[in-house]
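*Asks:* would you be able to build a 3D model of this:
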Amino acid sequence: MRLLVLRFSAMGDVALLTPVLNALEKEYSHLSITLVTRKTFKPFFYNIPGVEVIGVDVDKDYRGLYGLYRLYRELRVLGPYQLGIDVHGSTRSRIIKFFFKFSGLRFESIVKGRREKRAQIRKHRKVLVPLPHVVDRYMHVFERAGYKADTGRGPWINPDTRSRSLAKDFLDKSKLPRKENLWIGIAPFAGHAQKLWPLGHMRELISLIRQNIPSQVFLFGGGKDEILQLQEIHDDFPETILVAGNLNLEGELALVLRLDVMIAMDSSNMHLAALLGIRVLSIWGATHPYSGFGPYGQDENSIVQIPVSQLPCRPCSIFGNRACFRGDLACLNWITARAVFNRLLPILQKSGDSENMPQTD
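*Replies:* The predicted structure is shown next:
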C-alpha cells in the first residue's frame with residue numbers, strides 16, 4: 001500500500017509529522033509513504049524506513065496554478081498511489097488534490113478545528129479548553145484512512161550520520177570537543193512579534209545563567225535579521241556559542257540532540273527540540289498551548305506563560321499574527337527573567353549535579 005502525503009509548511013508543523021510516520025512505519029511494515037514537502041525539511045525524516053521524501057521548492061519551481069499542475073504531473077509519474085493524505089489543508093494542497101481527482105486518487109484531509117480555535121481567541125466570551133494536539137490531528141487523518149498507531153515515547157527525529165558529523169565539526173571549530181558542563185540552547189525568535197519575549201529579558205536571563213549555573217549557552221536562530229541580533233548578544237556574552245549562521249539545519253538537529261535543555265518561544269525550535277527528546281522550556285505570549293501546538297511529549301512544566309486568570313485577553317491569536325488587544329504585549333513583558341530562571345533550575349537539576357545548582361527563590 002502506497003500513500004501520497006502532502007504537507008508543505010511551516011517548519012514546526014512539518015516536523016510534527018515525524019511521530020505519526022514513525023508510528024505507522026512500526027505498525028504497518030507493508031506501508032510505503034511518499035511525503036511531499038519543502039526540500040529544506042527532508043532531514044527531519046531521515047532514518048524512517050518506508051518513507052520517501054519528495055523535497056520541492058514550491059516558491060521557486062512550482063509557483064502559481066501552472067506550477068502546481070507541473071508538480072501534480074511529476075508526482076503522478078512517480079506513482080501509482082492507492083490513497084492520498086492531505087495534512088496541510090492549504091490552497092496549494094487543495095489544488096493538487098483537485099488535479100488528482102481526475103486520475104481517480106481519493107484523499108483523506110485534515111480537520112483543523114477552525115471554529116473551536118476562533119472561540120479561543122475572540123475578545124469576549126472565550127471558550128478556552130484543550131484542543132487536540134496537531135500530532136493527534138495528523139493521526140486522525142490516517143485513522144480515517146484505516147491506519148491507526150501509537151506514537152509512543154520519543155525521540156521521534158533521529159539525525160543521520162552526516163548530521164552528526166556536521167555538528168561534531170562545528171563543535172571542534174568552536175573548541176568544544178567534549179561536554180564538560182550543562183549545555184543550554186537559547187532560541188529567542190519566532191515567526192511573529194506577538195510570540196517574541198523581549199530581547200532585554202533574554203539578555204538578563206543569560207546573565208543569570210552565566211552567574212549561577214556552570215554551563216555552555218548556544219544561540220540558535222535563522223535569517224539575516226535574527227543572525228545580526230544574535231551576533232550582538234554574542235558580542236555582549238562572548239562565552240556563548242553562536243550557532244545561527246554557522247551551522248545549517250541538518251547539523252543543528254544533531255547539535256540540539258546534545259543539549260540538556262532548549263529555551264525557546266512558541267516556535268519551530270521548540271518543536272524540533274521536543275521531537276529530538278530534549279527537555280524544553282518554552283515561553284508563550286499571544287498564543288496558548290491549548291490550541292494544540294505545545295511541545296509534543298512534554299508536561300506543563302515545560303511552559304512559561306502568564307495565567308489567563310491574570311490576563312483574560314489571552315490567547316488573542318492562534319499563530320501570533322494578530323495585533324495585541326491591549327496594545328502593550330503584557331503577556332510577554334510581564335514574564336520576568338527571574339521567573340524563567342526559576343523554572344529552568346528544576347529541569348537542569350535532573351540533568352546535572354544538583355549539589356552545585358542554586359535554589360529557586
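
*Asks:* helices along the stretch 101-250 of the chain, start to end?
*Replies:* For the stretch 101-250 of the chain, the helices defined by DSSP state H, counting those that start in this stretch occupy 114-121, 134-144, 161-173, 199-212, 224-236, 249-256.

*Asks:* quick one: low-confidence ranges for the stretch 201-350 of the chain?
*Replies:* Within the stretch 201-350 of the chain, no stretch has pLDDT under 70.

*Asks:* just the terminal-to-terminal distance for stretch 37-47.
*Replies:* One end of stretch 37-47 sits 17 Å from the other (Cα to Cα, to the nearest Å).

*Asks:* so how far is it from its chain's centroid?
*Replies:* How far stretch 37-47 lies from its chain's middle: 13 Å, per Cα atoms, centre = their mean, to the nearest Å.

*Asks:* could you do stretch 131-150 as well?
*Replies:* On Cα atoms, centre = their mean, the centre of stretch 131-150 falls 18 Å from that of its chain.

*Asks:* just to revisit the earlier point, distance to Val243 and mean neighbour count added to the helices of the stretch 101-250 of the chain, as a markdown table?
*Replies:* Where C-beta positions appear, they are placed from N, C-alpha and C, glycine not excepted. Compiled in a markdown table, these are given as follows (distance: least, Cβ to Cβ, whole Å; neighbours: other Cβ atoms under 10 Å):
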| stretch | distance to Val243 | mean neighbour count |
| --- | --- | --- |
| helix 114-121 | 33 | 15 |
| helix 134-144 | 26 | 19 |
| helix 161-173 | 8 | 16 |
| helix 199-212 | 14 | 17 |
| helix 224-236 | 8 | 15 |
| helix 249-256 | 6 | 23 |
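
*Asks:* nearest to Ser267, out of these?
*Replies:* For the helices of the stretch 101-250 of the chain, the distance to Ser267 is smallest for helix 224-236, at 11.0 Å, taking Cβ to Cβ.

*Asks:* secondary structure class for Tyr62?
*Replies:* The three-state assignment at Tyr62 reads coil, by DSSP: H, G, I helix; E, B strand; the rest coil.

*Asks:* what is the burial count for the closest residue to it other than its chain neighbours?
*Replies:* Using Cβ to Cβ, 6 or more residues apart in numbering and skipping residues adjacent in sequence, the residue nearest Tyr62 is Leu71, 4.5 Å away. For Leu71, the count of nearby residues is 20 (other Cβ atoms under 10 Å).

*Asks:* and Leu71, what helix or strand is that in?
*Replies:* Element membership for Leu71, per DSSP states H and E: helix 64-78.

*Asks:* can you check Phe100 too?
*Replies:* Short version, using DSSP H and E: Phe100 is in helix 91-101.
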